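Visitor: quick one: sequence and predicted model below, then my questions.
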Amino acid sequence: MHIPDGYLNVGTMVGTAAVSVGGVANAVRVVSKKLGEKQVPLMGMLAAFVFAAQMLNFPVTAGTSGHFMGAALCAILLGPWAMVIIFALVLMAQCFIFQDGGVLSLGANIFNMGIVGGLGGYAFYRLGLKLFGGRLHSKVVPSFLAAWFSVMLASAACALEIAIPNVTPPLSVVLPAMVGVHAIIGLVEGAITVAALELIRSTRADLLELQKA
Amino acid sequence: MKNKKWWLFAFGFCLLLATLSPLASSSPDGLEYVAEEKGFVDMERSSPLSVIADYVFPGIENEALATILAGWVGTTLMFILAYGVTWLVLRARGAKSLLKTD
């Protein structure tokens, strides 16, 4: 759901970019306070994993594909603000080197996937932990919810930004279409997120216990 | 060094994912699909940049190979970039706290 250039009006681009800059600035502040040397390799590995996994589009319905996003996974492993840094870096590289996502809409893409999707999805993780906490494998359901909602929220934000300032296409058409496709993509997001966390839990459980930012 | 092996394995896994990229579905993603269906795909402006455009490494005839190479470059670059930026952020903090205590 990387928005190319041309879809957004100036106000939307400036507004979302301003929030993204603020978000990244806060992320740097929080990460510099809370992370230590132990988390540095995982920051690199998650960025590499998110990049590689985002290249692998899988078929969703006839004629549509989707790919893993990874914001929920990053936020669960290293904390929501560490995730914002990873996403800002991945989206910048995708935009400037691989021409995936527009240059002028970079702020909107960080806003959608990192801030709205990532931070929003993480809020559902926290909510899920409160509801299901204390049980065996109690993090599976919250992780799945976080992943599904991260994709749904990001796609909804994307639809709102494209449709609200424009008369065509109307929001009543774009929003259900975007959210509908991403409801399915979100299920795969949830499955991959849970599988990745389980794989880490069974091989390097200590990585789940790192201090988060 | 059990941990070192784990990191190497994890990075190898990321490279393996990138190697599978030619097998990815070439159908439009959710947003592109909606844009095509709902008739606003024409609003798209192509990027002024062309470095490794559309994940195809330039100058290589075999498209699958060019995609794999783009994937390897990107995956490696992302590891270095995120590792380096985080390291710099933490180092800046270290320098600040040294100044304060001196």
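Guide: Sure thing, it's come through. Numbers count the residues shown, from 1 in each chain, chains lettered A, B, ... in the order given.
Visitor: going forward, measure contacts between C-alpha atoms and count neighbours the same way
Guide: OK.
Visitor: in chain B, which residue is closest to the centre?
Guide: With distances taken as Cα atoms, centre = their mean, residue B:74 lies nearest the centre of chain B, 4.1 Å away.
Visitor: quickly find the element holding the residue in chain A positioned nearest to chain B.
Guide: Nearest residue of chain A to chain B (Cα to the nearest Cα) works out as residue A:44 at 4.0 Å. Using DSSP states H and E, residue A:44 falls within helix A:40-54.
Visitor: so whatever helix or strand comes next after that helix, near chain B or not?
Guide: Counting by DSSP H and E, the next helix or strand C-terminal to helix A:40-54 is strand A:58-59. Yes - using Cα under 8 Å from any Cα of the partner chain, strand A:58-59 reaches chain B at A:58, A:59.
Visitor: hang on, the earlier thing: for chain A, tell me whether the helix or strand encompassing the residue nearest to the centre of chain B is touching it.
Guide: Using DSSP H and E, residue B:74 maps to helix B:63-101. Yes - using Cα under 8 Å from any Cα, helix B:63-101 reaches chain A at B:71, B:74-83, B:86-87, B:89-90, B:92-93.
Visitor: tilt between that helix and helix A:40-54?
Guide: Counting by axes from the mean of the first three to the mean of the last three Cα atoms, to 10 degrees, helix B:63-101 lies at 150 degrees to helix A:40-54.
Visitor: which elements pack onto helix B:63-101?
Guide: helix A:10-34, helix A:40-54, helix A:80-96, helix B:2-19 (3 or more Cα pairs under 8 Å, 6 or more residues apart in numbering or on different chains; DSSP states H and E).
Visitor: contacts for the helix holding residue A:44 next, please.
Guide: Helix A:40-54 has contacts (Cα atoms under 8 Å, 6 or more residues apart in numbering or on different chains) with A:67-70, A:74, A:78, A:82, A:86-87, A:89-90, B:10-11, B:14-15, B:17-18, B:71, B:74-83, B:86-87.
Visitor: buried subset of those as a PyMOL selection?
Guide: Here is the PyMOL selection string for the buried members of these, based on 16 or more other Cα atoms under 10 Å in any protein chain shown:
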select buried, (chain A and resi 67+68+69+70+74+78+82+86+87+89+90) or (chain B and resi 10+11+14+15+17+18+71+74+75+76+77+78+79+80+81+82+83+86+87)
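Visitor: how deep is residue A:101 tucked in, by neighbour count?
Guide: For residue A:101, the count of nearby residues is 24 (other Cα atoms under 10 Å in any protein chain shown).
Visitor: OK, contacts around it?
Guide: Residue A:101 makes contacts with A:2, A:3, A:4, A:5, A:91, A:94, A:95, A:109, as judged by Cα under 8 Å, 6+ apart.
Visitor: and for the fifth one, the neighbour number?
Guide: Meaning residue A:91. Neighbours of residue A:91 (other Cα under 10 Å): 24.
Visitor: one more: residue A:207?
Guide: Neighbourhood size, residue A:207 [other Cα under 10 Å]: 16.
Visitor: touching, it and residue A:200? I think so.
Guide: Yes - using Cα atoms under 8 Å, residue A:207 makes contact with residue A:200 at a distance of 7.3 Å.
Visitor: so where's chain A uncertain?
Guide: A:134-137, A:167 (pLDDT under 70).
Visitor: for chain B, same thing?
Guide: Judged by pLDDT under 70, the stretches of chain B that qualify are B:1, B:98-102.
Visitor: got the buried residues for stretch A:43-62?
Guide: Neighbour-count burial for stretch A:43-62, with 16+ other Cα under 10 Å as criterion, is recorded at A:43-60.
Visitor: what does stretch A:125-141 give?
Guide: Buried-residue list, stretch A:125-141, by 16+ other Cα under 10 Å: A:125, A:126, A:128, A:129, A:132, A:139, A:140, A:141.
Visitor: contacts for it?
Guide: A:76, A:142, A:143, A:145, A:146, A:194.
Visitor: please identify the helix or strand for the residue nearest to the third one when sequence neighbours are not counted.
Guide: Across the structure, with Cα to Cα, 6 or more residues apart in numbering or on different chains as the measure, the residue nearest residue A:143 apart from its sequence neighbours is residue A:125 (5.8 Å). Under the criterion DSSP H and E, the helix or strand holding residue A:125 is helix A:120-132.
Visitor: following that helix in sequence, what is the next regular element?
Guide: helix A:140-163.
Visitor: now that next one - C-alpha only, PDB.
Guide: Provided in PDB are the C-alpha atoms of helix A:140-163 (Å, rounded to 0.1, in the frame of the first residue of the first chain):
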ATOM      1  CA  VAL A 140      -0.500 -15.300  20.400                       C
ATOM      2  CA  VAL A 141      -4.000 -13.700  20.200                       C
ATOM      3  CA  PRO A 142      -2.800 -10.200  21.000                       C
ATOM      4  CA  SER A 143       0.000 -10.500  18.400                       C
ATOM      5  CA  PHE A 144      -2.500 -11.700  15.800                       C
ATOM      6  CA  LEU A 145      -4.900  -8.900  16.600                       C
ATOM      7  CA  ALA A 146      -2.100  -6.300  16.400                       C
ATOM      8  CA  ALA A 147      -1.000  -7.600  13.000                       C
ATOM      9  CA  TRP A 148      -4.500  -7.700  11.600                       C
ATOM     10  CA  PHE A 149      -5.400  -4.200  12.900                       C
ATOM     11  CA  SER A 150      -2.100  -2.700  11.800                       C
ATOM     12  CA  VAL A 151      -2.900  -3.600   8.100                       C
ATOM     13  CA  MET A 152      -6.500  -2.600   8.400                       C
ATOM     14  CA  LEU A 153      -5.700   0.800  10.000                       C
ATOM     15  CA  ALA A 154      -3.000   1.600   7.500                       C
ATOM     16  CA  SER A 155      -5.200   0.700   4.600                       C
ATOM     17  CA  ALA A 156      -8.100   2.800   6.000                       C
ATOM     18  CA  ALA A 157      -5.700   5.800   6.500                       C
ATOM     19  CA  CYS A 158      -4.500   5.300   2.900                       C
ATOM     20  CA  ALA A 159      -8.100   5.400   1.600                       C
ATOM     21  CA  LEU A 160      -9.000   8.400   3.600                       C
ATOM     22  CA  GLU A 161      -6.000  10.400   2.400                       C
ATOM     23  CA  ILE A 162      -6.700   9.600  -1.300                       C
ATOM     24  CA  ALA A 163     -10.500  10.000  -1.200                       C
END
